[in-house]
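Undergrad: attaching a predicted model along with its sequence, questions to come.
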Amino acid sequence: MIEIKGLKKDYALGNTVVHALRGIDLRVSEGEFISVVGPSGSGKTTLLNIIGCVDFATEGTVKIGGQEIIALKDNQITDIRLHKIGFIFQTFNLIPVLNVVENVEFPLLLMKKHAKDEIRKRAEKLIEEVGLKDFIKHRPAELSGGQRQRVAIARALVTNPDIVLADEPTANLDSVTGASILQLMRKMNAVEKTTFIFSTHDENVLQYAQKIVKIKDGFIVKGK
């Protein structure tokens, strides 16, 4: 599903170069449920952003479904983001002028292959599953941080993507809600064979992981 070799990512900050990733090798098979752990600044978010085609490597190769990302055209990368990957961002990235159901529907509308009634039905089902049935017409500004996180999770799952990338998905959730969200994802992983890759500090997330990959200072230091 995902094959990474020699992945490096550098950022220029004025006259200083920050080496966010220093040579990552990683293989992820279809249907794996993986947690990426490490201290703040270790490179977890950078790794997810590159797998999700939000950012691109300075050096090395990243293949998704056998396709080398660097060799693809912009429209092909956009197609991968839309049809293959669901991304749960720490910052939510919800559209302020859209309400909850409209935010969750948005990726399906972009795909332009589902009937409107099917889109609404799928969105409402996931909104109920993340516990926001009573907030379906609220806009992001009317929601708490935890509620916005749940909207972002529903939006990431609504397209039934091949891969879900989740950057600290339970960071803004209480333990009970976090557990219910993880159970929903684990069910999707088991039934749909969806591949999940999380970055997390949450011990509860680690309990669900089939494999743990530890990153420190831009290197993988442990995997099991």
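TA: Received it, and whenever you're ready, just let me know what you need.
Undergrad: Ile70 touches Thr61, doesn't it?
TA: Yes - using CB atoms under 8 Å, Ile70 is in contact with Thr61, at 7.1 Å. The way it works is simple: take the backbone N, C-alpha and C, and place the C-beta from them, glycine included.
Undergrad: wait, what's in contact with the spatially most central residue of the chain?
TA: Centroid-nearest residue in the chain: Leu165, 2.2 Å away (criterion: CA atoms, centre = their mean). Contact analysis of Leu165 by CB atoms under 8 Å, 6 or more residues apart in numbering lists 48, 51-52, 85-88, 197.
Undergrad: same list, the residues you listed, but as a markdown table with pLDDT please.
TA: Formatted as a markdown table, the contacts of Leu165 follow (pLDDT from 0 to 100):
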| residue | pLDDT |
| --- | --- |
| Leu48 | 95 |
| Ile51 | 95 |
| Gly52 | 94 |
| Ile85 | 95 |
| Gly86 | 94 |
| Phe87 | 93 |
| Ile88 | 91 |
| Ile197 | 96 |
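Undergrad: tell me the first helix or strand C-terminal of the lengthiest helix in the chain.
TA: Using DSSP state H, we find that the single longest helix of the chain is helix 175-192. Proceeding C-terminally, helix 175-192 gives way to strand 195-199 as the next helix or strand, assigned by DSSP states H and E.
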